[in-house]
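S.K.: no sequence on this one, just coordinates:
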């Protein structure tokens, strides 16, 4: 692929770094959620989750600890505007005065927007179009606690909520208002996550760190530190979690910590081409987000490595991800990334998730709609480049 002009990569000397106010980390830390609700003055919290977690009984302790807990369990993968409307209706009907997001990135993203919308006395239908974009929220939100049950999205430490609209297009609400009061990282909550999901959500977290470190916009010293440490932690623990995850709560907790660090990185130094090209896989084919990112990572890395300074950054990343491997070229790092993805048992080809050759043109069109993400890519990425990458 020809690609466009390379971009320069100044590490900002003047920068802003924002994240969740407080992190509560450690195996068993989720038992502190009732106490945290009380600290925030929330007596009638709404818990936003999905049906699968309800069946596992992971929330039973909340019902016995907080007398006026309301649970909304209707969140779906790649959450929709309808999910938010339904949860908001429950919050308004029950007079909820706080929100706890409990689950994967989908539940956490819905919880953020519900906490914002439910703080308003208005009973109008939400105007999502006015919310999509950067810094378009006005006003405050209800107290918000985020509790991830997968190590991947980092949503618990980001000011971003990704929703799918009626046209199957993924769009982002980005505002500091969405940063929660507490993020609770408890490895016990991830012990039941299946190996395949553990693998692709873990790679998703790595993508966050990789793209934050190589971003063309807002790259800064703190996000770099978070990204590199995240990659060291994630690659050191993912194999143990995939192969013997149910008996490795400490490794699971490390993965949650690494995912949170990666979230802090990309919340302040935004992601680019991998995510832009991954979103159509979720919107058009229902491919889980982490798996979409895993599928796109090698091809986008190969494309970006054509820009000299990005290639150098890939070598720096490789030292954290694959210590002792001796890789000293971007090509070598890419080979190690591919080897890791294959070792984790994840698919490598788009056809393995239902994509056919005739779908590529439309996918390229959809990827170009990600105008929030594409400018962040370290190498200019146009429609023809997207077609080449997908192929």
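M.R.: The structure has been received and is ready for your questions. Every value quoted in this text rests on a predicted model; they were computed, and no experiment measured them. Numbering: from 1, shown residues only.
S.K.: for residue 106, what are its contacts?
M.R.: 50, 75-79, 83 (Cβ atoms under 8 Å, 6 or more residues apart in numbering). No exception for glycine: its C-beta is placed from N, CA and C like everyone else's.
S.K.: of those residues, just the buried ones, ChimeraX syntax please.
M.R.: Buried residues among the contacts of residue 106 (16 or more other Cβ atoms under 10 Å), as a ChimeraX selection:
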select :50,75,78,79,83
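S.K.: need the contacts of residue 106 in CSV (columns: pLDDT).
M.R.: Shown next, in CSV, are the contacts of residue 106 (pLDDT from 0 to 100):
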residue, pLDDT
50, 94
75, 96
76, 92
77, 87
78, 85
79, 92
83, 96
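S.K.: what ranges do the helices span in this structure?
M.R.: Applying DSSP state H to the chain gives helices spanning 33-39, 51-56, 60-65, 81-94, 105-117, 195-214, 221-244, 249-268, 273-285, 289-304, 308-321, 330-343, 360-367, 383-390.
S.K.: so which of the ones you listed is the most surrounded?
M.R.: Each of the helices of the chain was scored by mean neighbour count; the highest is helix 105-117, a mean of 29, by mean count of other Cβ atoms under 10 Å.
S.K.: what's the least confident stretch among the helices of the chain?
M.R.: Among the helices of the chain, helix 60-65 carries the lowest mean pLDDT, a mean of 71.
S.K.: against residue 383, how distant is residue 360?
M.R.: 11 Å (Cβ to Cβ, to the nearest Å).
S.K.: the residue positioned nearest the centre of the chain and residue 112, how far apart?
M.R.: Closest to where the C-alpha atoms of the chain average out (Cα atoms, centre = their mean) is residue 153, at 2.5 Å. Using Cβ to Cβ, residue 153 is found at 12 Å from residue 112.
S.K.: likewise for residue 92?
M.R.: 17 Å.
S.K.: test my guess that residue 25 contacts residue 255.
M.R.: No. Look at residue 25 against residue 255 with Cβ atoms under 8 Å: they stay out of range, at 12.0 Å.
S.K.: just give the closest residue to residue 29, not the sequence neighbours.
M.R.: Nearest residue to residue 29, sequence neighbours excluded (Cβ to Cβ, 6 or more residues apart in numbering): residue 186, at 4.6 Å.
S.K.: show the contacting residues for residue 260.
M.R.: Contacts of residue 260 (Cβ under 8 Å, 6+ apart): 23, 148, 154, 156-157, 183, 185.
S.K.: now swap in residue 172 and tell me
M.R.: Contacts of residue 172 by Cβ under 8 Å, 6+ apart are 132-133, 160-163, 372.
S.K.: and if you look at residue 331?
M.R.: Per Cβ under 8 Å, 6+ apart, neighbours of residue 331: residue 305.
S.K.: distance check, residue 230 against residue 331.
M.R.: 23 Å.
S.K.: what's the answer for residue 303, then?
M.R.: On the measure of Cβ to Cβ, residue 303 and residue 331 end up 13 Å apart.
S.K.: quick check: end-to-end length of stretch 26-41?
M.R.: 24 Å (Cα to Cα, to the nearest Å).
S.K.: residues making contact with that stretch?
M.R.: By Cβ under 8 Å, 6+ apart, stretch 26-41 touches 24, 43, 45, 61-62, 65-66, 97-98, 100, 143, 145, 147, 181-182, 184-189, 249-250, 253.
S.K.: re the thing from before, whichever of the contacts of residue 172 end up buried, select them in ChimeraX.
M.R.: Of the contacts of residue 172, the buried ones can be selected in ChimeraX as follows, counting by 16+ other Cβ under 10 Å:
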select :132,160,161,162,163,372
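S.K.: list the buried ones in stretch 13-22?
M.R.: Buried, per 16+ other Cβ under 10 Å, within stretch 13-22: 17, 19-20.
S.K.: so for residue 174, which of the helices of the chain sits nearest?
M.R.: helix 249-268 (9.1 Å; Cβ to Cβ).
S.K.: angle of that closest one against helix 195-214?
M.R.: 40 degrees (axes from the mean of the first three to the mean of the last three Cα atoms, to 10 degrees).
S.K.: now do helix 249-268 against helix 273-285, angle only.
M.R.: 100 degrees.
S.K.: just want the angle from helix 249-268 to helix 105-117.
M.R.: 50 degrees.
S.K.: what's the distance between helix 249-268 and the middle of its chain?
M.R.: 10 Å (Cα atoms, centre = their mean, to the nearest Å).
S.K.: mind checking which of the contacts of stretch 26-41 land in strands?
M.R.: Using DSSP state E, the members of the contacts of stretch 26-41 that fall in strands are 24, 45, 98, 100, 145, 147, 182, 184-185.
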